[in-house]
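Engineer: Quick check, what structure comes out for this input:
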Amino acid sequence: MSKVYFIENRSSDFKSLGGDALRLLKHFVLETNHQFEKEVPIKVHFGEKGNKTFVPPVCYDEIIRYLKDMGVEPSYIETNVLYRGSRTTRTKHIETAKEHGFTQIPIIIADGEIGTDYVEVEINKEYVDKCRIGKAYGRFKQFIVMSHFKGHVEAGFGGAIKQLGMGFAARGGKLAQHSGISPVVNDSKCTACGTCVDSCDFGAIECEEVAVIDKDVCVGCAGCIAVCPEGAIRNTWGGSNFKEKLAEYAFGAAKDKDIIYISFIINVTQDCDCAGKSMKPIADNIGVLLSKDPVALDTACLDLVQKEKRIELFEKGRAVLLHAQKIGLGSMDYELVRL
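Structural biologist: Sure thing, here's the model as predicted:
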C-alpha cells in the first residue's frame, strides 16, 4: 500500500496552495531522508493560449525557492503538443509559457524545436514495445512531476499518469498513443509548397499536386504536423486502446527515474489545460497531494473528487489506473495521510 500525503485547502489563494505543496515536500523529505540531485527539473503544464484554469506559476514559487536553498538547480520541463496550437513548436511553446508567467527558472522543451528529438525506452508491454520520450529527459535522474487534476476527453481525467505518459512523450510518442498510425494530408488544404518534404528526415513524403505520406516509410514522428504552414497535415485521433497506451507510456517515462509526484485538485474543469478557452470549474477546490506512486496519487485524487461530487465523475479514467497497476507502474491501494 502506497502513502499519499494530503493537505486540504478549499481556498482560491494560489499562494497558500503553493505553500501547502512545499509543506508536503518538506514532510516527505524529512520522513524519507530524500536526497536531491544537483539538477531537478519540474514537469509542469503551461496551459494552452486562451486557457485560464491551468495551475498558475505562483503555485510553484515556494518549491522553486526551497530547491535553490538546498543547492539544487531547478528548471521547468515540457514537450511539444501534437495538435496545432500555441505550443506546437519549442519557440511558440516557450513564448506561451512566459506569457502565462512561467519566468522564474529556465524552460526545457525536451523534444526540440518541432518535437522530433527523442530517445527510445524499451518496455515490451502489451501495446507498446518502445516509448519515444523527449530526448532531454534522458539527461536527468530525478524529477518533480507537478500535475493539475481535471477532466480529459479521452483519458477520463488528467493527473500524474498523464503528465508522465503524454507529458514526457515526444511528438511521435504522442501520435503513437493517440492513433499508432502516420499523419494524414487534407488535400483541400495542401498547397504543395514542399515544406513537409524538406523537413522530413526519413524521406517519407513526396509532393506532386499534393503532399503524399508513404506509411511504409513514415516513422510517426509527426514533425510534419508542426511545420505545415497551411495546417493540412493532421492526426486522425482514431486509435484504439488509448488509455492502455497512456499507462504504458507512463511506465516508460518513469522507468529508472526517481520521481516525486505532487497534484493540485483546484480549478477542476471538464476538459484539460490543452483546451485554449476559458472554462468554469465543475467541482470545488480540495487541496494538494504528494506521493512517490503516481497510480496511488491519481486514485486518491479521483476518489476525493468523486466523494465531493457524489457522482462517478471522470470514472472512465479508472481504466487507466487498472492497466497502470497491472503493468507495475504503481498500486491503486493507498493510505491517505492528512497533514
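
Engineer: where along the stretch 51-200 of the chain do the helices fall?
Structural biologist: With DSSP state H, counting those that start in this stretch as the criterion, the stretch 51-200 of the chain has helices at 58-69, 90-99, 160-165, 171-178, 195-199.

Engineer: Turn those helices into JSON lines, including mean neighbour count and distance to Phe314.
Structural biologist: To be clear about C-beta, it is placed using only N, CA and C from the backbone, and glycine gets the same treatment. Formatted as JSON lines, those follow (neighbours: other C-beta atoms under 10 Å; distance: least, C-beta to C-beta, whole Å):
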{"stretch": "helix 58-69", "mean neighbour count": "18", "distance to Phe314": "21"}
{"stretch": "helix 90-99", "mean neighbour count": "18", "distance to Phe314": "26"}
{"stretch": "helix 160-165", "mean neighbour count": "30", "distance to Phe314": "12"}
{"stretch": "helix 171-178", "mean neighbour count": "26", "distance to Phe314": "19"}
{"stretch": "helix 195-199", "mean neighbour count": "17", "distance to Phe314": "37"}
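
Engineer: and those helices as CSV, adding mean pLDDT and distance to Glu209?
Structural biologist: Formatted as CSV, the helices of the stretch 51-200 of the chain follow (pLDDT from 0 to 100; distance: least, C-beta to C-beta, whole Å):
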stretch, mean pLDDT, distance to Glu209
helix 58-69, 98, 50
helix 90-99, 97, 30
helix 160-165, 98, 38
helix 171-178, 90, 25
helix 195-199, 91, 13
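
Engineer: Quick check: which of these is nearest to Val4?
Structural biologist: Shortest separation from Val4 across the helices of the stretch 51-200 of the chain is recorded for helix 160-165, at 10.6 Å, computed as C-beta to C-beta.

Engineer: Pretty sure Ala97 sits against Ile105.
Structural biologist: No. Shown here, Ala97 and Ile105 do not form a contact pair, counting by C-beta atoms under 8 Å, at 10.8 Å.

Engineer: Now do the nearest residue to Lys68 once chain neighbours are set aside against Ala254, distance only.
Structural biologist: The shortest distance from Lys68 to any non-neighbouring residue, by C-beta to C-beta, 6 or more residues apart in numbering, is to Pro74 (6.8 Å). When distance is defined by C-beta to C-beta, to the nearest Å, Pro74 is 19 Å away from Ala254.

Engineer: Assign a three-state SS to Val312, would you?
Structural biologist: Small correction: residue 312 is Glu, not Val. Counting by DSSP: H, G, I helix; E, B strand; the rest coil, the backbone at Glu312 sits in coil.

Engineer: Pull the contacting residues for it.
Structural biologist: Taking C-beta atoms under 8 Å, 6 or more residues apart in numbering as the definition of contact, the neighbours of Glu312 are Gln306.
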